[in-house]
Structures are given as structure tokens and as C-alpha cells.
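Trainee: build the 3D model from these lines:
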Amino acid sequence: MSKYESTNVAPLTIAQTPPRYPKELFGLDRRRSIDTLPIEVLHQILRWLHPRKIFHIRRVSHAFYACTSTKHFAASNLALYINLRPDKETYLRDLRGVGNQSPTEQQPEGEVPCESPETGITTIYVEKTQNSPCWLDEAFFHMPDQYKAVFAETYLKHVENLEWGENDTFLEAPIPQTAIGLLRNLVRLNLNDCGITGTIPVELTTLVKLECLSLYENELVGPIPPQLSLLVNLNELYLGRNRLSGTIPPSLGELTGLKMLNLGPNELIGEIPGELGRLVNLKELFLGGNQLTGHIPVELCKLVNILDLFLHKNQLTGPVPPEIGELVNLRCVYFEENQLSGEIPVEVLKLVRLEDCDMRNNQLTCSFPCPSLIQF
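Mentor: Okay, here's the model as predicted:
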């Protein structure tokens, strides 16, 4: 007899059939499926599944979809994996995005593992001031609508800064239209180079505390909403390097607190609205790389604090306004690759702080000794 054999173990009967239990013991008929369970029971079963799994299985059947498509279910499901710390702008989140897993040995800085005494699910405490988004933050852009609303109302409502730009974040999704409007305490929203698609949602205009809105270098299309003028506290607006179309809304001239306005390159057409001359606090105006037409508005020469003026690579015509000499703080002027004509005004010699002036590839002439820093 082998040393691994035991005389106390009964031989396995391969043909042995499992014991039969009467169906009345469970109160279920074999012909019934999980779809026939009362929705309250189905709710209690499915809520224990991780949200990531819910997003995948919710279309398995009509019953699953009906159960998981309510805000009540979303709140119940997320509550098992996220818990708000009322004393700080923080929340608990699962480390790996999968429930009942232990944290890794090398935890990111600032993350502390803890286990819910009620559920036993291991989550970690993370400061919400960190710039890099977690999987839940990224999932916010892909969740079903009811999850987006619950996540925004419950876990992001106190957040002031969402600075996810330049963090190798690739969302490949539109900005959640309704849910983004619920983040009423946002001061800075930076989604630069995050793979954002779709249009700029009008709901952003309800975020009246916003001081910086940066959607630079994404895949945004469609017009610039004129309602952005409602963001009265805005001092930075970056919408360049997208595929935005239509005209520049004259209503942007109402954002008198703006210091930075970047709308290029895009596919914007039409004339530069003279209303932009009201932006007396503006330090940088970037409209280059569009398809803008018409003359350079003389109203732009009222931007007395402007440092950098970029109008290059458009289809602008007419002369350079002599009033440009009033912009005494100008450092950089880029008018190249337009269809400007006439003489360069001698008033540019008043720009004593000028460091670079590019007017090449136009039909401009100069009748005075032109400094070397002015290229034409």
C-alpha cells in the first residue's frame, strides 16, 4: 500500500448521484429563473456585485436592466465600495476596483487601507486633492447615467479641483452632461489632453464658482456655447487644440475677469467679435490656427494689459490697425500666415517691450527702418 493511501477514506463512487431535495424546501420551481425573482430580492443580490461588474451584466436580461437602472440601486451599490469622510473632502475607494481584495504591498502615497466592518470589503482612504484620477473618477465618464448622478451628488459634490490634465488620463468619452452640472463647488476643471469627445455641455455654465476651465487638446466638436458668459468668476478659458466649429460668441466679452483666453487651433469661422475688447484684464489672447475672416478689430487695441496676441494662421484681411501702438505691454505679436495688406503702422515702434513680432506671409510693406525683431 502506498504511503499516500489511507484505509479510513471511503472509495469514491463516480456514478454516485447528488441527493435530491424537494423544491418546496427552497420555495422555488426549477422552471423559474432569477428573472422571476421580486425586484426587491434581485436588488439585494445584485448590489453586492462590484460596480464594474454591474456595468457589464446589466444588459444580460430585462430584469437585470430594470433593477440596476435606478438611482436607488446605484446609491445602494456604490455605498458598499465608497464611503464619504465628512471631516475632509475625501472618500474611500477600492484599491484595485475589485471588492474583497487585500491592498498591494506597495501602496500609493497617501492611501491607507481599511476594511468596512459592515461588509468586510477592503477599501482605501485617499485624499481627494490628488490630481491623478482613480478608476472611479475615470468610470464617472462611462457609468450609466444614474450612477453618474449619484457619484456626482454624493462623492464629488465637495470637490473644488479636478486637475486630471497631463496625467496620462485617456477617457475617450463625452463630459457627462447632467452630472457635471452637479459639481457646484468646482473652482478648477482641468481635462487637458484626456481624450474627451462630444460637445461642450451647456451644463458647465451652472458651475458659477469656476475660475479655470481647461479642455485643451481633446476631440471636442461643435460650437462654443454662448452661455459660457455666465461663468462670471472665470479667469482662464482654454479650448484650443480641438475641432470646435462655428463663430466666436460675442458674449465672451462679458467675462471681464478673464486673463487667459485660448480658442485655437480649432475650426472657428467668421469675424473676431469686437466685444473681446472689453476683456481689459486679458494677458493672453490666442485665436491662431482657425479660419477667421474679416479685419483685425480695432477694439482689440483696448486690451491695455495684453502681453501676447496670437492671430496667426487665419484668413484675416485689411491693415494692421495703427492703434496697436497703444498696447504698451505687448511682448509677442503673431499675425503671420493671413491675408493682411497695407503698410505696417509706424506706431509699432511704441511697443518698447516687444520681444517677437511675426507678420510674415501677408501682403504687408514697411516704409520706415524696421527693427530686426519685426519679421514681415
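Trainee: counting neighbours, what do you get for Phe368?
Mentor: By the measure other CB atoms under 10 Å, the count of residues near Phe368 is 11. (C-beta placed from N, C-alpha, C; glycine too.)
Trainee: from Phe376, how far off is it?
Mentor: Distance of Phe368 to Phe376, given as CB to CB, to the nearest Å: 12 Å.
Trainee: same question, Leu268
Mentor: 25 Å.
Trainee: more neighbours: which of these two?
Mentor: Leu268 (22 against 18).
Trainee: now that one: which helix or strand?
Mentor: strand 267-271 (DSSP states H and E).
Trainee: so what strands line up beside that strand?
Mentor: Here strand 267-271 is paired, per DSSP bridges, with strand 243-246 (parallel), strand 291-293 (parallel).
Trainee: now the helix or strand just after the last one: mean pLDDT?
Mentor: Secondary structure here is assigned by DSSP H and E; on that basis, the next helix or strand after strand 291-293 toward the C-terminus is strand 308-310. Per-residue pLDDT values across strand 308-310 average out to 98.
Trainee: same question for stretch 43-62.
Mentor: For stretch 43-62, mean pLDDT rounds to 84.
Trainee: can you give me the end-to-end span of it?
Mentor: Stretch 43-62 has an end-to-end distance of 13 Å (CA to CA, to the nearest Å).
Trainee: just the strands in the stretch 151-300 of the chain please.
Mentor: 161-163, 173-174, 188-190, 196-197, 212-214, 221-222, 236-238, 243-246, 260-262, 267-271, 284-286, 291-293 (DSSP state E, counting those that start in this stretch).
Trainee: to Asp358, which of the ones you listed lies closest?
Mentor: Across these, Asp358 has its closest neighbour in strand 284-286 (14.0 Å, CB to CB).
Trainee: what's the closest one packed up against?
Mentor: strand 260-262, strand 308-310 (3 or more CB pairs under 8 Å, 6 or more residues apart in numbering; DSSP states H and E).
Trainee: can you redo those strands as a markdown table with mean neighbour count and distance to Ile175?
Mentor: Below are these laid out as a markdown table (neighbours: other CB atoms under 10 Å; distance: least, CB to CB, whole Å):
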| stretch | mean neighbour count | distance to Ile175 |
| --- | --- | --- |
| strand 260-262 | 20 | 18 |
| strand 308-310 | 22 | 26 |
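Trainee: now do the end-to-end distance for stretch 316-330.
Mentor: The first residue of stretch 316-330 is 20 Å away from its last residue (CA to CA).
Trainee: pull the residues that contact it.
Mentor: The contact list for stretch 316-330 (CB atoms under 8 Å, 6 or more residues apart in numbering) reads 272, 292-296, 298, 300-309, 333, 335, 338-354, 359, 364.
Trainee: what of stretch 164-179?
Mentor: 131-133, 137-138, 140-142, 145, 148-149, 151-152, 190-204, 214, 216.
Trainee: show me what counts as buried in the helix or strand hosting Tyr147.
Mentor: In this structure, Tyr147 sits in helix 145-155 according to DSSP H and E. Residues of helix 145-155 classed as buried by neighbour count (16 or more other CB atoms under 10 Å): Gln146, Tyr147, Lys148, Ala149, Val150, Phe151, Ala152, Thr154, Tyr155.
Trainee: next one: Pro126, what pLDDT does it get?
Mentor: If you look again at residue 126, you'll see it is Val, not Pro. pLDDT, Val126: 42.
Trainee: and the host helix or strand of His72, what does it pack onto?
Mentor: Assigned by DSSP H and E, His72 falls within helix 71-79. Helix 71-79 is packed against helix 39-46, helix 51-57, helix 62-68, helix 145-155, with contacts defined by 3+ CB pairs under 8 Å, 6+ apart.
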